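A.B. asks: Pasted the sequence and its predicted model underneath.
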Amino acid sequence: MSERINETPEQQDEFERLLSQLRPVASSISRDELMYEAGRQAALQKSVARPRLVWPLATAASWLITLTLGGMWALASNHDSQPVIVHVDQPPVVEARTSTAPVPEEPTVKSVTDSAGPGSPKLARSPLHWHAGPFVIDDLLDPKQGERLSMVGWSSLRSHASSARDDVAVPVERLPETQAPATYRQLMKLYLDDQTVFERKGDLL
Amino acid sequence: MEPIELANLINRHAARLELYARQWCDETADVVQSAFVRLIEQEPSPQRPVAWLFRVVRNEALMQSRSQRRRRHREGVVAETTSPWFETSMDVGLDSIAATEALQELPDDCREVVIAHLWGTLTFEEIGELTGTSSSTAHRRYLEGLTLLRKRLGVSCPNE
């Protein structure tokens, strides 16, 4: 290309200089108004950007908390509704009293359900079972204190005895309201004092 | 973009941008203001904000021009007489009204290049990017526009 490109004002000829001296009509734009609008837009952009993160995060957190608490509650209620009942075999009384007889086996603990049919082997139930209802004997014992009864286990046992009178061998009035028997042995004594119900109390001791 | 930088851009280029937009539409203040607001929203800011502003103003003005033409056609309104594009000054050896009329009579592509280079202070390379042509094409149109302006304003060519 042979033509020279006039890029700088020094390279312009007289006519171009004359034209460039013409000043465009002053802008009708209000600079202050435009600056105000600029500030407003910038503030809007910042305020719009923040909730995009905040609200989804808050929603996710609340959902997480709800699901966690719901799951914990469901697990706890399932655990309560399926009690395990333990039956303790009683050693045969006659064999235990004869000196020549072989030493009876230690009572074994078997876990069965109440729905055992008539054909199933009949297991002697300890008196505590009838009073404890759905509660497991081990639950009544406080593992931290050896044979000592836990207060929670005692309260549960007492409330069950109040609601199911037919199964109760010991009148509720005889169960101390606030003070639990100190040990499992004391609890058994409470039961065994009632002569009308337990005919074979010697077997239990 | 810093407020002081924006204020400088408005002071220096608002009138030039309006002149550039005036070749297509009447609502030049709205077009230029909208371009500045869009410039603020840019993150990050464009490297060459003046060239960027000219491009945005061009697109916006062409869009306005189309809707303006449709409206006038629908309403049967004849185009209004345009006001002078330049301020009147006794110091300048050219008449502002005559210069305005001469510019208006130029072909569109030549007029755009002349205004963008002389008053917009864009380089031919930037004008080429703006109009979608090469810098040499932009320069050729510029020279062509100057020749036509000389004829219309009665200024002799220095080479003659």
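C.D. replies: Looks like it came in fine.
A.B. asks: is it true that residue B:118 touches residue A:20?
C.D. replies: Yes - assessed by Cβ atoms under 8 Å, residue B:118 is found in contact with residue A:20 at 4.9 Å. Glycine gets a C-beta too; all of them are placed from N, C-alpha and C.
A.B. asks: Residue ranges in chain B under the pLDDT threshold?
C.D. replies: The model of chain B has pLDDT under 70 over residues B:76-82, B:157-160.
A.B. asks: the domain parsing of it - what is it?
C.D. replies: B:1-82, B:89-153 (automatic domain parsing).
A.B. asks: now, of these, which is deepest in the fold?
C.D. replies: Most buried of these by mean neighbour count (mean count of other Cβ atoms under 10 Å in any protein chain shown) is domain B:89-153; its value is a mean of 18.
A.B. asks: quick one on the thing from earlier: between the domains of chain B, which one is closest to chain A.
C.D. replies: Closest approach to chain A among the domains of chain B (Cβ to the nearest Cβ): domain B:1-82, 3.8 Å.
A.B. asks: Just give me how far the closest one sits from the chain centre.
C.D. replies: Chain-centre distance of domain B:1-82: 9 Å, with Cα atoms, centre = their mean, to the nearest Å.
A.B. asks: what packs against the helix or strand harbouring residue A:52?
C.D. replies: Using DSSP states H and E, residue A:52 sits within helix A:31-81. Here helix A:31-81 touches helix B:3-22, helix B:28-41, going by 3 or more Cβ pairs under 8 Å, 6 or more residues apart in numbering or on different chains; DSSP states H and E.
A.B. asks: That helix versus helix B:3-22: what angle between them?
C.D. replies: Angle between the axes of helix A:31-81 and helix B:3-22 is 110 degrees (criterion: axes from the mean of the first three to the mean of the last three Cα atoms, to 10 degrees).
A.B. asks: Just after helix A:31-81, pick out the following helix or strand.
C.D. replies: With DSSP H and E, the next secondary element past helix A:31-81 is strand A:85-88.
A.B. asks: sorry, back to before: please tabulate the helices and strands packed on helix A:31-81 in CSV and include distance to chain A as additional columns.
C.D. replies: What follows is these, written out as CSV (distance: least, Cβ to the nearest Cβ, whole Å):
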stretch, distance to chain A
helix B:3-22, 4
helix B:28-41, 4
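A.B. asks: Of those, which is nearest residue B:129?
C.D. replies: With Cβ to Cβ as the measure, helix B:3-22 is the member of the helices and strands packed on helix A:31-81 nearest residue B:129 (14.9 Å).
A.B. asks: relative orientation of the closest one and helix B:28-41 in degrees?
C.D. replies: Using the same axes, to 10 degrees: helix B:3-22 against helix B:28-41 is 140 degrees.
A.B. asks: ok, now how distant is the closest residue to residue B:155 other than its chain neighbours from residue B:147?
C.D. replies: Closest residue to residue B:155 apart from its sequence neighbours, by Cβ to Cβ, 6 or more residues apart in numbering or on different chains: residue A:15 at 5.3 Å. Distance of residue A:15 to residue B:147, computed by Cβ to Cβ, to the nearest Å: 10 Å.
A.B. asks: Kindly report the same for residue B:7.
C.D. replies: Taking Cβ to Cβ, one finds residue B:7 at 39 Å from residue B:147.
A.B. asks: The helices and strands packed on helix A:31-81 into TSV, with extra columns for distance to residue B:54?
C.D. replies: Converted to TSV, the helices and strands packed on helix A:31-81 look like this (distance: least, Cβ to Cβ, whole Å):
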stretch	distance to residue B:54
helix B:3-22	6
helix B:28-41	9
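A.B. asks: Which of the ones you listed sits closest to residue B:107?
C.D. replies: Comparing those by Cβ to Cβ, helix B:3-22 comes nearest, at 16.1 Å.
A.B. asks: just checking, what packs against that closest one?
C.D. replies: Checking 3+ Cβ pairs under 8 Å, 6+ apart, helix B:3-22 ends up next to helix A:31-81, helix B:28-41, helix B:49-75, helix B:108-118.
A.B. asks: could you dump the ones you listed to a markdown table with distance to residue B:17?
C.D. replies: Putting those into a markdown table (distance: least, Cβ to Cβ, whole Å) gives the following:
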| stretch | distance to residue B:17 |
| --- | --- |
| helix A:31-81 | 12 |
| helix B:28-41 | 5 |
| helix B:49-75 | 5 |
| helix B:108-118 | 10 |
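A.B. asks: doesn't residue B:43 fall inside a helix?
C.D. replies: No - Residue B:43 sits outside any helix when classified using DSSP: H, G, I helix; E, B strand; the rest coil, being coil.
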